[in-house]
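# Turn this into a model:
(chains A and B)
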Amino acid sequence: MTEADAGFVVFDRVQKSYDGETLVVKDLNLSIGKGEFLTMLGPSGSGKTTCLMMLAGFESATHGEILLDGHPINNIPPHKRGIGMVFQNYALFPHMTVAENLAFPLEVRKIGKSEREAKVKRALEMVQMGAFGGRRPAQLSGGQQQRIALARALVFEPELVLMDEPLGALDKQLREHMQFEITRLAHSLGITTVYVTHDQTEALTMSDRVAVFDDGRIQQLAPPDLLYEAPENSFVAQFIGENNTLEGTVENITDGVAVVRLDDGELIDAKPVNVSKPGERTLVSIRPERVEIDKSRLSPGVHTVHAEVLEFIYMGDIYRTRLRVAGNEDFVIKTRNAPDQRRLRPGEHIEIGWLPEDCRALDA
Amino acid sequence: MELPPYATLGQRIWHYGFKLLCGLIFFFLIAPILVIIPLSFNAENFFTFTPGMLALDADAYSLKHYQDFFTNPDWQQALRNSLRIAPVATLLAVSLGTLAAIGLSQPHVPFRRAIMAILISPMIVPLIISAAGMYFFYSDIRLQGTYLGVVLAHAALGIPFVIITVTATLVGFDHSLTRASASLGADPVTTFFKVQMPLILPGVISGALFAFITSFDEVVVVLFVGSANQQTLPWQMFTGLREQISPTILAVATLLVVISIALLTMVEVLRRRSEKLRGMSPG
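Residues are numbered from 1 along each chain as shown, chains lettered A, B, ... in the order given. Next up, the predicted model:
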C-alpha cells in the first residue's frame, strides 16, 4: 500500500494475544477511509471489541502496527490520541452535571471559558438536549444519557469516533431512532466512525462498509448490500440475515453457472463463489425472499426442486413458509403479502426455483 | 418487627425475650461509657457518685475537672502532642492507604490477596506484638522515641482502615469512567483527581476518620515507640490512672467520647452521600 492511498485508519498485520498463546486477533489488515462509517460486526469473542480497544489505546497490539492519519499510534497513550469514544454503558461522570461532562474534554485541553460554554451549548443542541445542561446523568433516561455520551465524544471535535455497542441497552424503538440519528450526525460532521456491534440489522442500516469478524479474522469486508446479497463464505451467509442452506456436490461448472447435485439426487443451479471444480463439496445458500414458487416466472430450462410445505405463518406484510427441501426441514421462504399471492397450505407439494445468481455455492 | 396474629405462645415468648436480650447487650456496651459523663462533673476528687450527686444537688456538680484539663500544663502538653501526631499520621495513612487500595483493585496486580493481607495485618495482629516489634525495629533505625517514629507507627495502624473503606467504595466504581476520561484527553493524574477521587471520596474520608481516631485513642504503641516528648492524651490518661487518680481523666474521657461521636456522625452522613452518588452511577 502506498502512502497516497493509505486510509485514515490502518491496521497493518495486527495480532493480539492476551495470554501469549492463543491469538484473539489474527493478522488483521484493514484500511478505513476518511469520513467513512465502518462497522465491526461479529459474534461475541470474535475479536471486534479487542480491535476497537487497540485503536482507542486501551489494549496494545501484540504484533503489527496501527496507523492514524499516516502516523503509527502504537506507542501513544489513549489520552493523547484525540479519539472520541462512546461506551456501551455510556460512562458519564455521575458526579458532574451534563454540561460539566461535556466541558470536561475542553477543560483538559485548556480551552477558555467562553469558548467552552459556546461549544458545550452547540454540542447539546446538536443532540437536541439543549435544556438538560444542569441535570445529572442519573436524572436522565437511557436514551437521553446515550445522546449526552454521543455529544461528549463529539464536543472536542475529534476526527475519529469509536462506538462500542452504544445502543445495546436501549429498547427497540429508541434503538432504531438513534441508529438514524448517529449516522446523520456522523455524515453531517464528516467524522470517521468505527462502530462495534453484534446486531446485524444495526450494521446493515448504519454503515458504509461492514467488516464481519469471526475467530479473530475479518471474514468479509463489504458495503451492506454486497454483504447481504453476495456473501463470500458460508459464515457470512449464515451470520447476516436469514439464510437457507443445502448441501451437495458440484456436478459441473459452465459459463459461470454451477450445477450442484444435492444429497437426495436433485440438481440445482448456483453461482460458484468459492468452488472451482466438479466433485467439490459445497454449501449452497439462498435468501428466503429470493425463492420463486411460481414456475411461470422462472426462465425456461432452469432446474427446479421439489418441496413439501410444512408450516405457513402469516406475518402481516409477508408470508413465511417453512418447507422440506432435499431433507432440510428448515428451508424458509418469504413471500410478499400481495393480492395475487398464493397462500401455501401445509402438506402441499410444490416446485421451487431461483435465479442462478441468487443461489451461491460456498465452502462446505 | 411486628408479631403476626398467628404467632404461637413459644414465638411470642421468643419475640419479647429477644427484645430484652438485645436491650441487655446494648446496655452492657454503652453503660460504661455513659456512666463517666455525669462522674466527670463531680465536685469531689473521687471516682464515685457522692450522696449530693445522687440527690441532684447543684453544689455537688462542678466543672473543676474540665478547668484542670484546660489549665494544667501536663494535660495541655498531652493535647498538643496528640494534635501534632494524629493529623499527620492520618494524612500519611490516607495517602498511602488510598493509593494501595486503588492499586490492589486492579485485576492484573500479582499477589493482590497476599499484599492486601500484609497491609491489613496491623489491624489483626495483637497490638502489643506490633508495638514490641516496632520498638525493636525503630530502635535499630533510630526512630524510637522520635516524633517521626510515632507518626509512622500510627500511620501503619491507620492504613488498614483506609484500605478497607476505600476498597469498599471502589467495588461500586465503574472502571469504564477512567477509560472515558482518558478518551476525552485527560492524563492519568487528572483522571485520578477529577474523576476517581470525587467518587471514592466518601470512602477516603471515612477511612481518614477511623485512622484519626485510631491515632488519637492509641496508647500501647505510643508507650513503646514514643518518649516523654511524645506523651499523648491517652498516655497521659494511662499514667494519670496509675499515679494520681484524678477525675480530670473522666473529663478528658468525656471530651474524647464527644469527639468520637461527632466524627462517627460525620461517617454516617458521608455514607449516605456515597449511597446517593452510587445510585446515580449508570448501569
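# ok, how many other residues are close to the closest residue to A:Glu107 other than its chain neighbours?
The spatial neighbour of A:Glu107 that comes closest, neighbours along the chain excluded (C-beta to C-beta, 6 or more residues apart in numbering or on different chains), is A:Arg116 at 7.0 Å. No exception for glycine: its C-beta is placed from N, CA and C like everyone else's. If you count neighbours by other C-beta atoms under 10 Å in any protein chain shown, A:Arg116 ends up with 20.
# quick one, phi psi at A:Arg116?
phi -60, psi -50 (degrees, to the nearest 10).
# residues of stretch A:327-340 that come out buried?
The neighbour-count check on stretch A:327-340 (16 or more other C-beta atoms under 10 Å in any protein chain shown) flags A:328, A:331-335 as buried.
# And for stretch A:277-296?
Neighbour counts using 16+ other C-beta under 10 Å place A:280, A:282-288, A:291-293 of stretch A:277-296 among the buried residues.
# ok, those vs A:Leu67, which is closest?
Nearest to A:Leu67 among the buried residues of stretch A:277-296: A:Ser285, at 35.7 Å, using C-beta to C-beta.
# So what sits opposite that closest one in the bridge?
In this entry, A:Ser285 is beta-bridged to A:Thr245, A:Arg360, by DSSP bridges.
# Contacts only, for it.
When contacts are counted by C-beta atoms under 8 Å, 6 or more residues apart in numbering or on different chains, A:Ser285 is found next to A:231, A:234, A:237-238, A:243-245, A:359-360, A:362.
# surely the residue nearest to A:Glu107 meets A:Pro105?
No. Using C-beta atoms under 8 Å, A:Arg116 is not in contact with A:Pro105, being 9.8 Å away.
# coming back round to it: tabulate the buried residues of stretch A:327-340 (CSV), appending secondary structure, pLDDT and distance to A:Leu23.
Below are the buried residues of stretch A:327-340 laid out as CSV (DSSP: H, G, I helix; E, B strand; the rest coil; pLDDT from 0 to 100; distance: C-beta to C-beta, whole Å):
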residue, secondary structure, pLDDT, distance to A:Leu23
A:Asn328, strand, 88, 35
A:Phe331, strand, 92, 37
A:Val332, strand, 93, 36
A:Ile333, strand, 92, 40
A:Lys334, strand, 92, 39
A:Thr335, strand, 90, 44
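# Please identify which pair of those lies farthest apart.
Across the buried residues of stretch A:327-340 (C-beta to C-beta), the longest gap, 18.5 Å, separates A:Asn328 and A:Thr335.
# which non-adjacent residue is nearest whichever residue of the stretch 201-350 of chain A sits closest to chain B?
Distances between the stretch 201-350 of chain A and chain B by C-beta to the nearest C-beta are smallest at A:Glu202, namely 20.2 Å. In space, and not counting its chain neighbours, A:Glu202 is closest to A:Gln179: 5.9 Å by C-beta to C-beta, 6+ apart.
# Check which helix or strand the one you found maps to.
Secondary-structure assignment from DSSP states H and E places A:Gln179 in helix A:172-189.
# Which residues does that helix contact?
Contacts of helix A:172-189 (C-beta under 8 Å, 6+ apart): A:35, A:37, A:126-127, A:142-143, A:146-147, A:150, A:154, A:161, A:163, A:166-167, A:170, A:193, A:195, A:202, A:205-206.
# Which residues of chain A lie near chain B?
A:56-58, A:77-80, A:82-85, A:87-95, A:104-105, A:108-109, A:136-138, A:145, A:152-153, A:156, A:162, A:169 (C-beta under 8 Å from any C-beta of the partner chain).
# that older thread, I only care about the contacts of helix A:172-189 that end up buried; give me the PyMOL line for that.
In PyMOL, a selection of the buried entries from those looks like this (16+ other C-beta under 10 Å):
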select buried, chain A and resi 37+126+127+143+146+147+150+154+161+163+166+167+170+193+195+202+206
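# Touching, the residue of the stretch 201-350 of chain A closest to chain B and A:Leu167? I think so.
Yes. Counting by C-beta under 8 Å, A:Glu202 touches A:Leu167, with 6.7 Å between them.
# and A:Ala151, what is it in contact with?
So A:Ala151 contacts A:102, A:123-124, A:126-127, A:129 (C-beta under 8 Å, 6+ apart).
# Select from these every entry located in helices.
If you go by DSSP state H, these have A:102, A:123-124, A:126 in helices.
# and the host helix or strand of A:Leu52, average pLDDT?
Here A:Leu52, judged by DSSP H and E, is contained in helix A:48-56. Per-residue pLDDT values over helix A:48-56 give a mean of 92.
# Extract the C-alpha set from it and format it as PDB.
C-alpha atoms of helix A:48-56 as PDB (Å, rounded to 0.1, in the frame of the first residue of the first chain):
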ATOM      1  CA  LYS A  48     -14.100  -7.000  17.200                       C
ATOM      2  CA  THR A  49     -14.100  -5.200  20.600                       C
ATOM      3  CA  THR A  50     -10.400  -6.000  21.000                       C
ATOM      4  CA  CYS A  51      -9.700  -4.300  17.700                       C
ATOM      5  CA  LEU A  52     -11.600  -1.200  18.900                       C
ATOM      6  CA  MET A  53      -9.800  -1.200  22.200                       C
ATOM      7  CA  MET A  54      -6.500  -1.400  20.400                       C
ATOM      8  CA  LEU A  55      -7.500   1.500  18.300                       C
ATOM      9  CA  ALA A  56      -8.500   3.500  21.400                       C
END
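# Show me the contact partners of it.
Outside helix A:48-56, the residues that reach it (C-beta under 8 Å, 6+ apart) are A:9, A:11, A:14, A:16, A:24-25, A:28, A:30, A:40-42, A:59-61, A:66, A:78, A:81, A:83, A:85, A:162, A:164-165, A:194, A:196, A:198, A:211, A:213, B:179, B:183.
# B:Met197 against B:Val204, yeah?
Yes. Using C-beta under 8 Å, B:Met197 is in contact with B:Val204, at 7.5 Å.
# More neighbours: those two, which one.
With neighbours defined as other C-beta under 10 Å, B:Met197 and B:Val204 compare such that B:Val204 has more, 20 against 14.
# picking up where we left off before, which PyMOL command selects the buried ones in the contacts of A:Ser285?
Selecting only the buried entries of the contacts of A:Ser285 in PyMOL, with 16+ other C-beta under 10 Å as the criterion:
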select buried, chain A and resi 231+234+237+243+244+245+359+360+362
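# Export the contacts of A:Ser285 as JSON lines, with columns for pLDDT.
Listed next are the contacts of A:Ser285 as JSON lines, based on pLDDT from 0 to 100:
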{"residue": "A:Pro231", "pLDDT": "89"}
{"residue": "A:Ser234", "pLDDT": "87"}
{"residue": "A:Ala237", "pLDDT": "89"}
{"residue": "A:Gln238", "pLDDT": "87"}
{"residue": "A:Asn243", "pLDDT": "89"}
{"residue": "A:Asn244", "pLDDT": "91"}
{"residue": "A:Thr245", "pLDDT": "90"}
{"residue": "A:Cys359", "pLDDT": "89"}
{"residue": "A:Arg360", "pLDDT": "89"}
{"residue": "A:Leu362", "pLDDT": "88"}
